[in-house]
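**Q** The amino acid sequence is not available; the structure is as follows:
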């Protein structure tokens with residue numbers, strides 16, 4: 001199993017950028033698919049992006065539309081989400097999650113961090 005911890009959230013103006021990081025510990029990092037989900041109160045957790053253990057395969061949620069890039073550094077046991085052209089509707093708690101298989105459903109992910117708040121506002 002792995003433990004994951006998110007960082008990098010904060011307040012940013014519309015049109016701005018943020019880079020989230022997810023640091024992992026425990027089992028062999030490259031054995032795990034990692035993903036980002038986001039959630040706002042009263043709504044189900046929404047898929048943002050996922051990346052395979054090798055980093056060669058990535059998936060993105062429909063709302064991303066080329067604005068976000070997921071990546072990972074297996075030497076540093078860290079995964080990233082570069083978010084550009086942020087909109088107020090991107091405001092949410094962003095969660096890092098780990099699983100054995102690449103999937104868009106949050107139900108497939110067993111390992112979760114505590115989340116990091118991203119607020120997009122002027």
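**A** On my side now, so go ahead. Bear in mind the structure is a predicted one, so any value in this text is a computation, not a measurement.
**Q** Just the buried positions in stretch 92-105, please.
**A** Within stretch 92-105, the residues scored as buried using 16 or more other CB atoms under 10 Å are 92-99, 102-104. (C-beta placed from N, C-alpha, C; glycine too.)
**Q** In the chain, what residue spans correspond to helices?
**A** Assigned by DSSP state H, the chain shows no helices.
**Q** Going by residue numbers, what spans are strands in this structure?
**A** Per DSSP state E, the chain carries strands over the ranges 2-7, 10-12, 18-26, 33-39, 46-51, 58-60, 68-73, 78-83, 92-99, 111-112, 116-120.
**Q** and the second one, what other elements does it pack with?
**A** The criterion is 3 or more CB pairs under 8 Å, 6 or more residues apart in numbering; DSSP states H and E, and the helices and strands that strand 10-12 contacts are strand 116-120.
**Q** 10 Å instead, please
**A** strand 18-26, strand 116-120 (3 or more CB pairs under 10 Å, 6 or more residues apart in numbering; DSSP states H and E).
**Q** strands paired with it, and their directions?
**A** strand 116-120 (parallel) (DSSP bridges).
**Q** If I take the strand it pairs with and strand 18-26, what angle do their directions form?
**A** Strand 116-120 runs at 170 degrees relative to strand 18-26, counting by axes from the mean of the first three to the mean of the last three CA atoms, to 10 degrees.
**Q** Tell me how far strand 116-120 lies from the chain's centre.
**A** For strand 116-120, the separation from the chain centroid amounts to 12 Å (computed by CA atoms, centre = their mean, to the nearest Å).
**Q** and for that strand, what are the contacting residues?
**A** Applying CB atoms under 10 Å, 6 or more residues apart in numbering, the external contacts of strand 116-120 come out as 5-16, 18, 20-22, 38, 81, 83, 86-96.
**Q** Go again with 8 Å.
**A** 6-14, 16, 18, 20, 38, 83, 86-94 (CB atoms under 8 Å, 6 or more residues apart in numbering).
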